[in-house]
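S.K.: Quick one, what's the 3D model for this:
(chains A and B)
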Amino acid sequence: MKVCPPGGSYPARMDAAALRSDDSIIRRCVAGENAAWRDLHRALYPLAYSFLRKMGVDDAEVDDVCQEVFVQVFRYLGRFQQRAQLTTWLYKICLSQTARMRRRHKVTQALVRLFGEREASAVQASLDLPEDELARRTGIALAELSDAHREVFVLYELQGLTGEQIAEIVGCPLPTVWSRLHYARLEFRRAVEETGGVAASAELEIRRADVAR
Amino acid sequence: MSRDDLERRRPSDAPPRLIDDGGHVAAGLRALDARTRPDGQDEAAAWRRLMAPWQVTGARRWFWSGALVAAAVAVVVVVGRRPGPPLSAGAVGTPPATLSEEGLAQGSADARQRGTGVGPAVAGQRERRLDPPLPRLALSARPTSIASGRSALADEATVEVAEGSAARASADQTWVRVLLDEGEVGLHVRKRVPGGPGFEVVAGEYHFRVLGTTFRVARNAHDGPPVELWVEEGRVAVSHEGRALGVVAAGGHWDTSDEARAAPSPTSTGAERSRPARHASASSGAIAAHASASSSAAAAHASASPGVDHGAPTTCAGLAADAATARDAVACYLAVARGGDLAAETALFEIARLRRDVLGDGAGALAALQESRTRFPAGVLRDDVDLSIVELLADLNRHNEAIEEIGRLLADGHGVERNAELWEMRGDIYREVLEDYGHAERDYAAAEQARAPVVGDATFFRGVCLQALGRNAEARATFGRYLAAGTARFADEAGRRLRRLGR
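M.R.: Down below sits the predicted model:
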């Protein structure tokens, strides 16, 4: 009788995409298998992290929010009934945690207004690479969208989900998803233009060529 | 496009994604997408943070701060509303003669007022936490008389001796014992820890061994079976003259008539033979044992586990065979593991196996293995124990400890035939978790050399590390050697990497 299997090798990493569609991983996690939790975290962390960033969680906070997301996942995975995909459930948790973060920000801002001006944080644009600047401006434009529009926009345009999946995650009918996406796109384009999108784009093309040289 | 048009759109009418366009908006979205992806280090760091709850950050910091403040306020309020008299002597462990029906009724009314179903003893226990410190009995191997009333024993246990009862206590490195000569005692005992002394109540020749549960033992002087056991929480292992009788589950009952049937007493639930109302006392997290005894009886260790068929002969191995009774099996093996022979060593290992593979309790499994190594440093299972400890440390994400442990084992030169396995395990940790390809490559090389001429996974992973280190020529040679073995598990991946390196 051995606890350690013959050959005792450390389990190879599971493919993230395969893991996301693997029901057995949930059963193993619920059964308390540590290795399964590790695999689950490896598979889902990149998804949660990048989604949270796109939803406007800034660099300084994303680690904390992501941690809260996985605390929720670990706590409630036993109740996950697998009627939806695991990733759909993860997106829902991410959205709820993002909303909590925004509420905290509102409270903070209210306190700042009450008790005095906070030192304005200097926004330092990264000018090392044109793509960094482009990403920053796109992020600013995304932040201009309302919460409901940004959720649909990010899930569709950046996370590549279908309308049906988005409807399930945000909890609205499919036609509403299309409607929100339409108006989100209008808002986003307008915001991009306001952040100097077209002019910046041309300027960035020149700088990209410079960097390439 | 009007809102109606939008809302009439079918799923198949999904618009093309902006990110697939060629314009500057798409470029911005692609740039944002690329900049918001974590790298592998981020994930590993996040996992370590998640598994280290003491590193309180962000929202959790606020949560715990709030919880601490709330707890402090609650303490102040509770202390301010200090309850009146301490628990009366009769509340716990009172002999049946002094526990009147009126008292029971009052106790039940108290419990109802609190919205719980517990009896007067438990209600009393809640208040007792704020009582002043009890007199502590100095125990030795020689039994010492215990005065009537409540006293503290070694190991945080408290004993309450009813009026007119006679009891003694003793303690050594192996056992803390309460010897009940006459009457009834109530006991509250902390859960046993691995490696610590056991706790038992000796009522004549009957022994009731605490394994981390709540149970009561009663001696019926005039009617009913001579000795009875009711298990309220957890499990109690029953044995007689060193022979394990079985395990009784929560809600179960055992008495000496069961023993006469040569079977472990466990009744599956309390419904069949519900315990008398006067014995309704239990507190979560503590062990309450009421033992009353006469001077004679046969030796029996009681340990209970739920769900065991009444009358069926039960062994530890039998319980371990079914996942549903794995916890009972662990309790059963714990009793066996108190010895100093091969059976005890095997029992500890079996406890580790059950905890890890069936109960998902890696930390508990590790504790059992470490205890085994401490108690049986030259045991026959020592090599397996060492390897299993390393494996468990890795499973528990205690990677640095796993690496140190492997280093110690390799330095010992103990079990040289396992060295290749150890090198490979450490290489896996370096590569997969710490992403330290330099150290990983060295370990895989050592494993490869130790196993030569056999070529195995270590060769493939060595190639992966060499490739990650940019040592492409060596990586090519390694993958080539791996593929030449012909039975390679990762042949497809090795071929793909070889082709990429060849370009």
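
S.K.: C-alpha from now on. contacts and neighbour counts both.
M.R.: OK.

S.K.: any idea which element the most centrally placed residue in chain A lies in?
M.R.: The centre of chain A sits closest to A:Phe51, judged by C-alpha atoms, centre = their mean, with a distance of 1.3 Å. Element membership for A:Phe51, per DSSP states H and E: helix A:34-54.

S.K.: returning to what we had before: so what pLDDT did the residue nearest to the centre of chain A get?
M.R.: A:Phe51 carries a pLDDT value of 91.

S.K.: Also B:Arg177?
M.R.: Reading off the model, B:Arg177 has pLDDT 81.

S.K.: what secondary structure does it sit in?
M.R.: Here B:Arg177 is strand, with the state taken from DSSP: H, G, I helix; E, B strand; the rest coil.

S.K.: is it in a bridge, and if so with what?
M.R.: Beta bridges link B:Arg177 to B:Ser170, B:Glu200, judged by DSSP bridges.

S.K.: Identify the residues contacting it.
M.R.: Contact partners of B:Arg177, counting by C-alpha atoms under 8 Å, 6 or more residues apart in numbering or on different chains, are B:169-171, B:199-202.

S.K.: quick one: what helix or strand has B:Pro389 in it?
M.R.: For residue B:389 the amino acid is Ile, not Pro. helix B:382-395.

S.K.: What mean pLDDT does that helix get?
M.R.: The average pLDDT within helix B:382-395 is 86.

S.K.: Going by contacts, tell me the helices and strands next to it.
M.R.: Contacts defined by 3 or more C-alpha pairs under 8 Å, 6 or more residues apart in numbering or on different chains; DSSP states H and E place helix B:382-395 against helix B:362-375, helix B:399-412.

S.K.: Please identify which of the contacts of B:Arg177 is nearest to chain A.
M.R.: Nearest to chain A out of those is B:Phe199 (C-alpha to the nearest C-alpha; 29.2 Å).

S.K.: isn't the closest one right up against B:Gln173?
M.R.: No. B:Phe199 is not in contact with B:Gln173 according to C-alpha atoms under 8 Å; the separation is 10.9 Å.

S.K.: between the two, who's got more neighbours?
M.R.: Taking other C-alpha atoms under 10 Å in any protein chain shown, B:Phe199 and B:Gln173 do not tie; B:Phe199 has more neighbours (24 against 11).

S.K.: Quick check: chain neighbours aside, which residue is closest to the more buried one?
M.R.: Leaving aside its sequence neighbours, B:Phe199 sits nearest to B:Val176 (C-alpha to C-alpha, 6 or more residues apart in numbering or on different chains; 4.8 Å).

S.K.: near chain B at all, the longest helix seen in chain A?
M.R.: Secondary structure assigned by DSSP state H gives helix A:86-115 as the longest helix of chain A. No. Judged by C-alpha under 8 Å from any C-alpha of the partner chain, helix A:86-115 makes no contact with chain B; its nearest approach is 8.8 Å.

S.K.: what about that helix, average pLDDT?
M.R.: If you average the pLDDT values across helix A:86-115, you get 82.

S.K.: Could you give the number of residues near B:Val380?
M.R.: B:Val380 has 12 nearby residues by other C-alpha under 10 Å.

S.K.: distance of it from A:Val152?
M.R.: As judged by C-alpha to C-alpha, to the nearest Å, B:Val380 and A:Val152 stand 62 Å apart.

S.K.: Same question for A:Glu164.
M.R.: 11 Å.

S.K.: now swap in B:Gly340 and tell me
M.R.: Taking C-alpha to C-alpha, one finds B:Gly340 at 66 Å from A:Val152.

S.K.: what do you get for B:Leu319?
M.R.: Note on B:Leu319: its distance to A:Val152, by C-alpha to C-alpha, is 53 Å.

S.K.: between those two, which one's more packed in?
M.R.: Counted by other C-alpha under 10 Å, B:Leu319 and A:Val152 do not tie: A:Val152 has more neighbours, with 27 against 23.

S.K.: In chain A, where is pLDDT below threshold?
M.R.: Residue ranges of chain A with pLDDT under 70: A:1-23, A:114-130, A:195-213.

S.K.: 50 instead, please
M.R.: A:1-17, A:118-129, A:198-199, A:213 (pLDDT under 50).

S.K.: related to what we said a few turns ago, is chain B within reach of the following helix or strand past the longest helix of chain A?
M.R.: For helix A:86-115, the following helix or strand on the C-terminal side (DSSP H and E) is helix A:130-143. Yes. Looking at helix A:130-143 against chain B by C-alpha under 8 Å from any C-alpha, the contacts come from A:131-132, A:134-139.

S.K.: Tabulate the CA atom coordinates of helix A:130-143 in CSV.
M.R.: Provided in CSV are the C-alpha atoms of helix A:130-143 (Å, rounded to 0.1, in the frame of the first residue of the first chain):
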residue,chain,number,x,y,z
PRO,A,130,2.9,52.3,-29.4
GLU,A,131,0.8,49.3,-28.5
ASP,A,132,0.9,50.3,-24.8
GLU,A,133,-0.5,53.7,-25.6
LEU,A,134,-3.1,52.2,-27.9
ALA,A,135,-4.1,49.8,-25.2
ARG,A,136,-4.3,52.6,-22.6
ARG,A,137,-6.5,54.7,-24.8
THR,A,138,-8.8,51.8,-25.6
GLY,A,139,-9.0,51.1,-21.9
ILE,A,140,-10.0,54.7,-21.2
ALA,A,141,-12.7,54.5,-23.9
LEU,A,142,-14.0,51.3,-22.4
ALA,A,143,-14.2,52.9,-19.0
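
S.K.: Please state the offset of that helix from the chain centre?
M.R.: Chain-centre distance of helix A:130-143: 15 Å, with C-alpha atoms, centre = their mean, to the nearest Å.

S.K.: for the next helix or strand after it, packing partners?
M.R.: Helices and strands here follow DSSP H and E; after helix A:130-143, the next one along the chain is helix A:147-153. Helices and strands touching helix A:147-153, by 3+ C-alpha pairs under 8 Å, 6+ apart, are helix A:163-170, helix A:174-194.

S.K.: Repeat the analysis, applying 10 Å as the threshold.
M.R.: With contacts taken as 3 or more C-alpha pairs under 10 Å, 6 or more residues apart in numbering or on different chains; DSSP states H and E, helix A:147-153 sits against helix A:34-54, helix A:86-115, helix A:130-143, helix A:163-170, helix A:174-194.

S.K.: Out of these, which gets nearest to B:Val73?
M.R.: Among the helices and strands packed on helix A:147-153, the nearest to B:Val73 by C-alpha to C-alpha is helix A:86-115 (24.2 Å).

S.K.: just checking, what packs against that closest one?
M.R.: Helix A:86-115 packs on helix A:16-20, helix A:34-54, helix A:59-76, helix A:147-153, helix A:163-170, helix B:58-80, going by 3+ C-alpha pairs under 10 Å, 6+ apart.

S.K.: In a markdown table: the ones you listed, plus distance to A:Ser179.
M.R.: A markdown table is the format used below for the helices and strands packed on helix A:86-115 (distance: least, C-alpha to C-alpha, whole Å):
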| stretch | distance to A:Ser179 |
| --- | --- |
| helix A:16-20 | 29 |
| helix A:34-54 | 21 |
| helix A:59-76 | 28 |
| helix A:147-153 | 9 |
| helix A:163-170 | 11 |
| helix B:58-80 | 34 |
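
S.K.: Those helices: which one's closest to B:Arg353?
M.R.: helix A:34-54 (14.6 Å).

S.K.: Low-confidence bits of the stretch 251-400 of chain B, can you list those?
M.R.: B:262-313.

S.K.: just so I know, which of the helices and strands packed on helix A:147-153 lies nearest B:Val454?
M.R.: helix A:34-54 (28.6 Å).
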